[in-house]
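> Pasted the sequence and its predicted model underneath.
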Amino acid sequence: MTATVLQQPSGVAALRRPRARRAAGLLGLGALVVAVVVLSVTVGSRDVAWQDVWAALGGASDGFDRGAVAKRIPRTFLAVLAGAALGVSGAVMQGVTRNPLADPGILGVNMGASLAVVTGIAYFGLSTATGYIWWAIAGACVTAVVVYAIGSAGRGGATPLKLALAGAAVSAALASFVSAVVLGRNDIAGGVRSWQIGGVGGGTAESVSTVLPFLVAGFLLCLLSAQALNSLALGDDLAAGLGERVAVARGSAALGATVLCGAATAVTGPIGFVGLVVPHACRMLIGPDHRWLLPYSALTGAVLLTLADVVGRVVARPAEIDVGIITALIGAPVFIAIVRRQKVRAL
């Protein structure tokens, strides 16, 4: 009798163990974010002593080292926010489309945001950070709708292969339009080409504070859609049978992902492969449950982009390599590996 009372139900124990491990993993990733933030502030084309870091945090900007730290702090926060946004955006896009190759860059969403910003600069006198963000979000939303419409045409609906091909075709067309807009405008060509590479070197306190509300709204939309994404992974019919309004769930999740992608692109330029690499890495660690996958993707994306920025600062001292180039070098081999795997044709 006593043994029966003390025995714990095996199902409850089995559920608690994964939750404890996942929670511990989140704490570990949070600590890793703090570590790379410290690394980003202290390491770069010129290493900075701790006393200068503390002085800069206290508001002092006199001297070369303290001035460098004062510039690195908003740059680091921008890298953390943009990496988290792109990681979550990629995870949500993969969940919405059930496509393991979905990524803001591969599906053309980044390039749509880029074309909107470049068009606004060239023809409508766009010059403010807030204006960039609104135009980028609008361009990202229109592009996402166009790509999904093209990928859904024909027999079989929106298959992973058709969506990837549609995204690649639309992205190539939009890149040509960007070049066409910039070609006749020498006054903006230099700045636009530099911005198109993708980087966080221009991050300022103003740009961080401007983009933060948009990112918070996007994060909230995505997190609130986590349970619906789990249902959508079972298929539209089963999701509807579980009580989900499939069109609403897919639309709200896609909107959150597009807002994150558009806002991040507006302030950093189009940075590719973060939204592809990060969700796959997190999915291998903790499984497909979006209630855990999205927070993991946010923290892992923040670590990846911030660390890539640090690497870009130190590998070619005293010059810098933009973070978009570093993430492309990391992401391209991963993309090839995913394409070659036969097991990931759909999520």
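That came through, no problem. Everything numeric here is computed off the predicted structure, so don't read it as measured data. Numbering: from 1, shown residues only.
> any low-confidence regions in the stretch 51-200 of the chain?
Low-confidence segments of the stretch 51-200 of the chain, defined by pLDDT under 70: 51-68, 156, 158.
> Mind jotting down where the helices sit in it?
Using DSSP state H, counting those that start in this stretch, the helices of the stretch 51-200 of the chain run over residues 64-97, 109-123, 129-152, 160-183, 186-197.
> and of these, who's closest to residue 207?
helix 129-152 (5.4 Å; CB to CB). To be clear about C-beta, it is placed using only N, CA and C from the backbone, and glycine gets the same treatment.
> Can you list the helices and strands that that closest one packs against?
helix 109-123, helix 160-183, helix 205-224, helix 246-268 (3 or more CB pairs under 8 Å, 6 or more residues apart in numbering; DSSP states H and E).
> The ones you listed into JSON lines, with extra columns for mean neighbour count?
Listed next are those as JSON lines, based on neighbours: other CB atoms under 10 Å:
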{"stretch": "helix 109-123", "mean neighbour count": "25"}
{"stretch": "helix 160-183", "mean neighbour count": "18"}
{"stretch": "helix 205-224", "mean neighbour count": "18"}
{"stretch": "helix 246-268", "mean neighbour count": "25"}
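> and these as CSV, adding distance to residue 88?
Supplementary listing: the helices and strands packed on helix 129-152 in CSV, determined by distance: least, CB to CB, whole Å:
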stretch, distance to residue 88
helix 109-123, 13
helix 160-183, 19
helix 205-224, 5
helix 246-268, 6
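> Can you get me a residue count around residue 146?
17 (other CB atoms under 10 Å).
> that older thread, can you tell me which of the helices and strands packed on helix 129-152 is nearest to residue 146?
helix 160-183 (6.1 Å).
> Report the inter-axis angle for the closest one versus helix 186-197.
Calculated by axes from the mean of the first three to the mean of the last three CA atoms, to 10 degrees, helix 160-183 forms an angle of 150 degrees with helix 186-197.
> wait, which of the helices of the stretch 51-200 of the chain is closest to residue 211?
Using CB to CB, the helices of the stretch 51-200 of the chain put helix 129-152 closest to residue 211, at 6.1 Å.
> in the closest one, what counts as buried?
131-144, 146-148, 150-151 (16 or more other CB atoms under 10 Å).
> again, but for stretch 276-285
Those would be 276-283, for stretch 276-285 by 16+ other CB under 10 Å.
> quick check: mean pLDDT across that stretch?
In this model, stretch 276-285 carries a mean pLDDT of 89.
> One more: stretch 314-326?
In the prediction, stretch 314-326 has an average pLDDT of 85.
> Name the residues that touch it?
Here stretch 314-326 makes contact (CB atoms under 8 Å, 6 or more residues apart in numbering) with 43-46, 79, 197-201, 268-272, 305, 308-309, 311-313.
> Show the end-to-end separation of that stretch, please.
Stretch 314-326 has an end-to-end distance of 12 Å (CA to CA, to the nearest Å).
> And stretch 90-103, by the same measure?
5 Å.
> circling back to that earlier point, so which of the helices of the stretch 51-200 of the chain is nearest residue 297?
Comparing the helices of the stretch 51-200 of the chain against residue 297 with CB to CB, the closest turns out to be helix 64-97 (4.0 Å).
> next one: the closest one to chain centre, how far?
8 Å (CA atoms, centre = their mean, to the nearest Å).
> buried set for that helix?
Those would be 65-66, 68-70, 72-97, for helix 64-97 by 16+ other CB under 10 Å.
> circling back to that earlier point, TSV for the helices of the stretch 51-200 of the chain, including distance to residue 319?
Shown next, in TSV, are these (distance: least, CB to CB, whole Å):
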stretch	distance to residue 319
helix 64-97	15
helix 109-123	24
helix 129-152	26
helix 160-183	24
helix 186-197	14
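> Looking at the ones you listed, which is nearest to residue 219?
Going by CB to CB, the one of the helices of the stretch 51-200 of the chain nearest residue 219 is helix 64-97, 6.5 Å.
> Give me the helices and strands touching that closest one, please.
By 3+ CB pairs under 8 Å, 6+ apart, helix 64-97 packs against helix 10-42, helix 50-57, helix 205-224, helix 226-232, helix 246-268, helix 274-286, helix 290-314.
> can you rerun that using 6 Å?
helix 10-42, helix 50-57, helix 205-224, helix 246-268, helix 274-286, helix 290-314 (3 or more CB pairs under 6 Å, 6 or more residues apart in numbering; DSSP states H and E).
> ok, and what's touching the fifth one?
Put plainly, it is helix 274-286. Residues outside helix 274-286 that contact it (CB atoms under 6 Å, 6 or more residues apart in numbering): 22, 86-87, 89-91, 94, 103-104, 292-293, 296-297, 300-301, 305, 327, 331, 334.
> Can I get that helix as PDB, trimmed to CA atoms?
Once non-C-alpha atoms are left out, helix 274-286 reads as follows in PDB (Å, rounded to 0.1, in the frame of the first residue of the first chain):
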ATOM      1  CA  VAL A 274      20.200  33.100 -39.900                       C
ATOM      2  CA  GLY A 275      16.600  32.200 -40.200                       C
ATOM      3  CA  LEU A 276      17.500  28.900 -41.900                       C
ATOM      4  CA  VAL A 277      20.400  27.700 -39.700                       C
ATOM      5  CA  VAL A 278      19.100  28.600 -36.300                       C
ATOM      6  CA  PRO A 279      15.700  26.800 -36.300                       C
ATOM      7  CA  HIS A 280      17.200  23.600 -37.600                       C
ATOM      8  CA  ALA A 281      19.900  23.600 -34.900                       C
ATOM      9  CA  CYS A 282      17.300  24.300 -32.200                       C
ATOM     10  CA  ARG A 283      14.900  21.700 -33.600                       C
ATOM     11  CA  MET A 284      17.600  19.100 -33.300                       C
ATOM     12  CA  LEU A 285      18.100  20.000 -29.700                       C
ATOM     13  CA  ILE A 286      14.600  20.300 -28.300                       C
END
